[in-house]
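Enquirer: Here's a sequence, model it:
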Amino acid sequence: MGFASFVGRVCFASIFILSAWQMFNEFGVDGGPAGKELAPKLNLAKKHLSSQFHVNFPDIETFFLTQVRQLVLTAIAMKGLGAILFVFGHGFGAFLLIVYLLVSTPILHDFYNYGPDEPRYNILLSDFLQCVAQCGALIFFWGMKNSITKRRKKKAPKSKTA
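Expert: Numbering: from 1, shown residues only. Next comes the predicted model:
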C-alpha cells in the first residue's frame, strides 16, 4: 500500500510540479504570461469586492507594476515546494497547496463574471470545479495524515511485568 500511495501522490503532485516548472521557465521581467493573466483578473476581483463591500480599494494598476512579479514568484514557490513536500508525504506540502488553491481559484477561474450563455463560462466553471476537487483531495489527505499519526500514538506497546 505504501508504494501505491507514493505513486498516487506523484501523479497528483505532477500537476503542480509541471505547472510551477512552466511558470518558472516563462518567468520574465513582468512575471511572464502568468503575470499578464493575473493583472486583469485581480482588477476584476477588486471591482467585484469593492461593489460588494462598498469600500474603495487602492489603485490596482500601480500595485501591479511593482508587485505582480512577487505574486507570480510566490505562486511558483508555493506550488513547487508544496508539491515536492506532498510527494514525500509531508502534511505541510498539502497545506501550502491548499492555501494556493484557496487564494488563486476564485481569482483565476472567475466564472461568476460571465453569464451562463457565454462560451467562457463553461470553461471557467469546469476549471473552478477541478480546483475545488483538488482542494478537497488535499484536505482529505491532510485529515488522513493527521488521523493516522494520532492512531499510531495511541497504540503504543505496553510493557509486560513478570
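
Enquirer: Would you agree residue 108 is in contact with residue 37?
Expert: Yes. At 7.4 Å, residue 108 and residue 37 qualify as touching, with contact defined as CB atoms under 8 Å. (Each C-beta comes from the backbone N, C-alpha and C, glycine too.)

Enquirer: Just want to know which of those two has more residues nearby.
Expert: More crowded of residue 108 and residue 37, by other CB atoms under 10 Å: residue 108, with 18 against 13.

Enquirer: Quick check: closest non-adjacent residue to the more buried one.
Expert: Leaving out its chain neighbours, the residue that sits closest to residue 108 by CB to CB, 6 or more residues apart in numbering is residue 41, at 5.8 Å.

Enquirer: The one you found: neighbour count?
Expert: For residue 41, the neighbour count with other CB under 10 Å is 16.

Enquirer: hang on, it packs against residue 112?
Expert: No. Using CB under 8 Å, residue 41 is not in contact with residue 112, being 11.9 Å away.

Enquirer: Mind listing what's buried along the longest helix that the chain contains?
Expert: Taking DSSP state H as the criterion, the chain has its longest helix at helix 119-154. Residues of helix 119-154 classed as buried: 124, 128, 131, 134-135, 138, 141-142 (neighbour count, 16 or more other CB atoms under 10 Å).

Enquirer: Show me how far that helix is from its chain's centre.
Expert: Taking CA atoms, centre = their mean, to the nearest Å, one finds helix 119-154 lying 10 Å from the centre of the chain it belongs to.

Enquirer: Nearest spatial neighbour of residue 48, chain-adjacent residues omitted?
Expert: Excluding the flanking residues, the one nearest residue 48 by CB to CB, 6+ apart is residue 113, at 7.2 Å.

Enquirer: Let me fix that, I meant to ask about residue 78.
Expert: Counting by CB to CB, 6+ apart, residue 100 is the residue found nearest to residue 78 once chain neighbours are left out, at 4.3 Å.

Enquirer: cool, and residue 142?
Expert: Leaving aside its chain neighbours, residue 142 sits nearest to residue 94 (4.6 Å; criterion: CB to CB, 6+ apart).

Enquirer: Next one: the one you found from residue 122, what distance?
Expert: Using CB to CB, to the nearest Å, residue 94 is found at 29 Å from residue 122.
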